[in-house]
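# from the sequence below, what's the structure:
(chains A and B)
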Amino acid sequence: MSDTKTSLDSVVSIVYITPENAVFEEKNHFLTLQLTTTKEDGTSETANYDRVFLHRSFPYDHPEAYISVQDGDKNEIGMIAEIGQFPDSTASLLRGELARKYYSPVITAIHSVKDRYGYAYLHVATDSGEMDITLRDASRSMARVDERRVIITDIDGNRYDIPDITKLDRKSFRRIELYL
Amino acid sequence: MLHENWYFDPAKPDTVPAILHDILDKKGILCDDIRLVCKTDINRDLVRCDNYILATDEEIILLSGSSSAVENAGRNLLPGRRARTQFQELSWDVLPLQDIVECKMEEQLSSGRITAKMESGVYELVANLSNTYKDDAYQAVKFLNQLKKEKKITPAEESKTKQRADQFCPKCGNRYVDAERKICPKCLDRGKILSRIGVFLGKYKLSIAAVAATLILSSALGIIAPYVSSGFYYDEVLNDSGSFYGQLLLVLGIVIGTKLLNLVVGMINSIVSSTVAAKLVYDLKTVIFNSIERLSLSFFTNKQTGGLMTQVNRDASTIYWFFCDGLPYFLINIVQILIIVVIMLIMNPLLTLLSLVTVPLVFVLIKKLFSHMDALHSRRYNRSRRMNAILNDALSGIRVVKAFAKEKEEVSRFNRSSVAVADAERKSSRFSTVAFPGLNLLLYVSNIVILGVGGWMVIDGKLSYGTLMTFIAYMNMVYSPMFFFADMTYMAADSMNAMNRLIEIMDAKADVEERPDAIRLPHPEGRVEFRDVEFSYEKNRKIIDGVSFEIEPGRVIGIVGHTGAGKSTLANLLIRLYDTAAGGIYIDGINVRDIAFEDLRKNIAIVSQETYLFMGTILDNIKYANPDATEEEVLRASKAAGAHDFIIKLPDAYATQIGVGYKDLSGGERQRISIARAILRNPKILILDEATAAMDTQTERKIQTALEKLIVGRTTIMIAHRLSTLRDADKLIVIENGKMPEFGTHLELLKKKGIYHKLYKLQLEAMKNIGIEE
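Predicted structure coming up:
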């Protein structure tokens, strides 16, 4: 395996954004970045980005690792290997930005499911309060990302997260079990 | 209130939601000054609440709060009167409009935000919103920028912005799942669906009446039979005090007669109903297929149409079942049960009550059992579907599996799934082996109770033996359809779904429709013009943005650009697979929207990167576009397309069957057949959309030569990413991100040193690298 790594390293390089070369700041709910890069001739260059956007490469498996940092046109500036590398203050900024970007209510209980003519109406409890969700074709709207996690996408394209279906109460689970 | 979602009407100040009047009053802002109100649902700290973006001529107000219902003070509250809602302010921020450079809507995964770039260079967050409010936000951003630049708001389609309230079901307050149809599945009443589908049955009134009559007759015979064979037999024939004592032959005659009659009636019933069924299913399928073919391409790219035809087939039979089996059987049984209960009551009220007291219990029990069975079944079904998918996946990808030596992993993946299926099967069959005998036992218990109580009554002389026997027979007749009733509720729900899907397809509107007064253009000259064309597949995401060019008749134009730049979309727009969002496309100066479909598509042929060959012979496929072509014309067209050479090598030559399960052609061969198809059509306008992309260089050269001959006298649009393919183009268009930054001849574009120059240099270098210089 290490052979692959070294051979690929020489072909493709990943620009890592680290505490050493980057300063993240938050201005008015927006993330900014100052990135210093060292060129081949040894001189260094500092770039300022007044808005940067974070994007998870492996959103479920590694929510805090391999975070792509992009500019406004979705061009990748570099990658954060692991948020934990950064000092707590920066890490919490990054986590806050991710929370905003990946904002989706977490479903904690399912009170009722009404399936009518191919559309399903769910009344659920979430971490943002009680909600009514409309789904087009319930089975297709509930995607199982792994053994435990289920992502529900409603008719408007809003996502709802059930991080662990085994932790739902029995009644809630049985209400959606059929569709999974 | 969801209804108050989006307002805009500068002429009518009362469009500012009433709930905000108090607070605006307090802040000293007149409703008349409000130019725009847009509601969103997430505040700037990601908390769900009611946010309003309000705009006056000078500033944007960001108001966040929650509307809560407050009851009107004490005794004044009339019963049934709705509670008044009140707005509780959480925050109030103001952005001066003059400090804003531009507002922007940024989409995130499941939410979005409106941001404003300020003169000072910093960004301000205007609002957060869930995807539900996405379209509103885009509108709001558009209007905010307009207000900033032009000092006023001019909605392009005023009606659209004002229709917001119509998008919600007045009954339940939910948004219509399809704003165009304005039908809320949650509140849709069954009668409406039934009556719409019932129309299909109208044609078969007589047959259905016959089916109903036979059903009624057989149920009447069903009621008589137990009486003749038990009550009447024991009390009147076998009993020496009976009036038909000893007349065994007569009774046997009657029994045999009713049986025979029942048999005949049953046969008539099945013959008639199966005939109607076949016809009805055929009708339904035809209607659905017609509706589907009529629809525009956009309907099919919508993901919910996956497996459409399988669904159609299944739905048609489900609907048939409901109308021809389920519903009549249900009605007959209800009537039969009512009659039986009346007869039983007349015979002996006490026994009747005793025997029927368990009916509700049994019914509820059966329903519970069925729902559990259903869950078990669908789990089994889902698991076995998954197993089949894995099997299919591994087998279709067998080359990859073997290439990466993953056989073992695939086997274990299959095994895991197979075990899960076996487990589900075991559970479901175990349940049914326990549950159903248990239920029968319960029925048996009530039989025993009646036998006991009834027997005691017979001994006491209060009841005749025959009556008791008849009674038990009737009682079993009441219980036996319980299984059907319990099942019926699920089947009925299923059929309703099927019917709704059917209606949905029938109601779906084609986005691209032919005008009733369409202009006939049988022989166009072939002048093509694009004027400020804009288009987007998805709302708010422009794929084509302001493209304009003109092609003289008979000229060749090449379209260059990266993959996904929107090149093929231009071709799709020209043949009206989709309609432009703004601007227009003209052939000989006539908007394509006004040209009759037949003429439009007859005069334009497209050879695209995706080829589709239908089941049938190669000859059928080439002649698809022009069924009247002679054999010689077909041969010529194939030769021109470079297809003849490989076709003639096949054992059956042009009669070779292709399509599913037949001869598999390579990508290049399929492409050549589709080129032959286009050539045979002899169109005035020819679109070659990466037509030679799937071929090796040698074959491409051959076809290029053929195409050179072909394009003479035809307006040709050539789309390619390999620039060498476009050598013959008179003019070139460069498409990038839906825009058209460059337009001109090869030399002009090279001189411009822009995108084309870059592409050309890149490809030239690639050629040099392998030792070819032009």
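# so the residue of chain A most remote from its centre: helix, strand or coil?
For chain A, the largest distance from the centre (CA atoms, centre = their mean) belongs to residue A:41, which lies 36.8 Å off. The assignment at residue A:41 comes out as coil when based on DSSP: H, G, I helix; E, B strand; the rest coil.
# report the separation between it and chain B.
Look at residue A:41 and chain B: by CB to the nearest CB, to the nearest Å, they are 25 Å apart. For glycine as for every other residue, the C-beta is placed from the backbone atoms N, C-alpha and C.
# any figure for the gap between the residue of the stretch 601-750 of chain B found nearest chain A and residue B:561?
Closest approach between the stretch 601-750 of chain B and chain A, counting by CB to the nearest CB: residue B:737, at 10.3 Å. For residue B:737, the distance to residue B:561 equals 9 Å [CB to CB, to the nearest Å].
# with neighbour numbers in mind, choose between these two.
The neighbour count for residue B:737 versus residue B:561, taken as other CB atoms under 10 Å in any protein chain shown, is higher for residue B:561 (25 against 14).
# quick check, pLDDT for the more buried one.
Per-residue pLDDT puts residue B:561 at 82.
# next one: residue B:7
46.
# cool, residue A:58 as well?
92.
# the residue of the stretch 601-750 of chain B closest to chain A: what's its closest spatial neighbour, skipping adjacent residues?
Spatially, and ignoring its direct neighbours in sequence, residue B:737 is nearest to residue B:565 (6.5 Å; CB to CB, 6 or more residues apart in numbering or on different chains).
# assign a three-state SS to the one you found, would you?
coil.
# pretty sure it sits against residue B:739.
No. Counting by CB atoms under 8 Å, residue B:565 stays clear of residue B:739, with 9.1 Å between them.
# between those two, which one's more packed in?
Taking neighbours as other CB under 10 Å, residue B:565 and residue B:739 compare with residue B:565 leading, 20 against 16.
# so what's residue A:109 closest to, chain neighbours aside?
residue A:125 (4.3 Å).
# element containing that neighbour?
strand A:119-126 (DSSP states H and E).
# sheet partners, orientation included, of that strand?
Strand pairing for strand A:119-126, determined by DSSP bridges: strand A:107-116 (antiparallel), strand A:129-136 (antiparallel).
# give the buried residues for the last one.
By neighbour count with 16 or more other CB atoms under 10 Å in any protein chain shown, strand A:129-136 contains the buried residues A:131, A:132, A:133, A:134, A:135, A:136.
# list the buried residues of the helix or strand following it.
Downstream of strand A:129-136, the first helix or strand assigned by DSSP H and E is helix A:138-141. For helix A:138-141, the neighbour count (16+ other CB under 10 Å) marks A:138, A:141 as buried.
# helix A:138-141 - what's its average pLDDT?
83.
# domains in chain A, as residue ranges please.
When chain A is parsed with automatic domain parsing, its domains come out as A:12-101, A:107-177.
# tell me which of those domains sits most buried.
Of all the domains of chain A, domain A:107-177 has the most neighbours on average by mean count of other CB atoms under 10 Å in any protein chain shown, namely a mean of 17.
# against residue B:92, how distant is residue B:66?
14 Å.
# one more: residue B:365?
60 Å.
# looking at these two, which is more packed in?
residue B:365 (17 against 14).
# what's the spacing between stretch B:232-244 and its chain's center?
Chain-centre distance of stretch B:232-244: 65 Å, with CA atoms, centre = their mean, to the nearest Å.
# pLDDT on that stretch, on average?
Mean predicted confidence for stretch B:232-244 is 79.
# which SSE is residue B:46 in?
Here residue B:46 is assigned to no helix or strand, by DSSP H and E.
# okay, now it: neighbour count?
Neighbours of residue B:46 under the rule other CB under 10 Å: 13.
# thinking again about what came up before, what residues are up against the residue nearest to residue B:737?
Contact analysis of residue B:565 by CB atoms under 8 Å, 6 or more residues apart in numbering or on different chains lists B:735, B:736, B:737, B:738.
# is the residue nearest to residue A:109 in a bridge, and if so with what?
residue A:109, residue A:130.
# wait, it sits on residue A:112?
No. Taking contacts as CB under 8 Å, residue A:125 lies outside contact range of residue A:112: 11.0 Å.
# okay, now the closest residue to residue B:658 other than its chain neighbours: neighbour count?
Sequence neighbours aside, residue B:613 is the residue nearest to residue B:658 in space, at 5.5 Å (criterion: CB to CB, 6+ apart). By other CB under 10 Å, 18 other residues sit near residue B:613.
# OK, now which residue of the stretch 501-650 of chain B is nearest to chain A?
In the stretch 501-650 of chain B, the residue that lies nearest chain A is residue B:501 (6.0 Å; CB to the nearest CB).
# so where's the stretch 551-700 of chain B shaky on pLDDT?
Along the stretch 551-700 of chain B, segments meeting pLDDT under 70 span B:660-663, B:694.
# need the phi and psi values for the residue of the stretch 151-300 of chain B found nearest chain A.
Across the stretch 151-300 of chain B, the shortest distance to chain A (CB to the nearest CB) belongs to residue B:185, at 4.2 Å. With angles defined as degrees, to the nearest 10, residue B:185 sits at phi -60, psi -30.
# can you list the weak-confidence ranges in chain A?
For chain A, counting by pLDDT under 70, the residues that fall below are A:1-10.
# and it, which residues reach chain B?
Listed as neighbours of chain B in chain A under the rule CB under 8 Å from any CB of the partner chain: A:27-30, A:50-51, A:99-105, A:114-119, A:121, A:128-129, A:132, A:134, A:136-137, A:140, A:155-159, A:177-178, A:180.
# right, is the lengthiest helix in chain B up against chain A?
In chain B, assigned by DSSP state H, the helix with the most residues is helix B:407-459. No. Helix B:407-459 lies out of reach of chain A by CB under 8 Å from any CB, never closer than 11.8 Å.
# counting by contacts, list what that helix packs against.
helix B:349-356, helix B:359-396, helix B:465-479 (3 or more CB pairs under 8 Å, 6 or more residues apart in numbering or on different chains; DSSP states H and E).
# quick one: the shortest one to helix B:359-396, angle?
Meaning helix B:349-356. 20 degrees (axes from the mean of the first three to the mean of the last three CA atoms, to 10 degrees).
# one more: the last one?
Between helix B:465-479 and helix B:359-396, the angle comes out at 40 degrees (the same axes, to 10 degrees).
# what pLDDT, on average, does helix B:465-479 get?
84.
# name the helices or strands packed onto that helix?
helix B:205-226, helix B:327-347, helix B:349-356, helix B:359-396, helix B:407-459.
# could those be laid out in TSV, adding mean pLDDT and distance to residue A:45?
Shown next, in TSV, are the helices and strands packed on helix B:465-479 (pLDDT from 0 to 100; distance: least, CB to CB, whole Å):
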stretch	mean pLDDT	distance to residue A:45
helix B:205-226	84	83
helix B:327-347	85	78
helix B:349-356	84	90
helix B:359-396	83	48
helix B:407-459	87	47
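# tabulate these (a markdown table), appending distance to residue A:68.
Shown next, in a markdown table, are the helices and strands packed on helix B:465-479 (distance: least, CB to CB, whole Å):
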| stretch | distance to residue A:68 |
| --- | --- |
| helix B:205-226 | 64 |
| helix B:327-347 | 58 |
| helix B:349-356 | 70 |
| helix B:359-396 | 30 |
| helix B:407-459 | 30 |
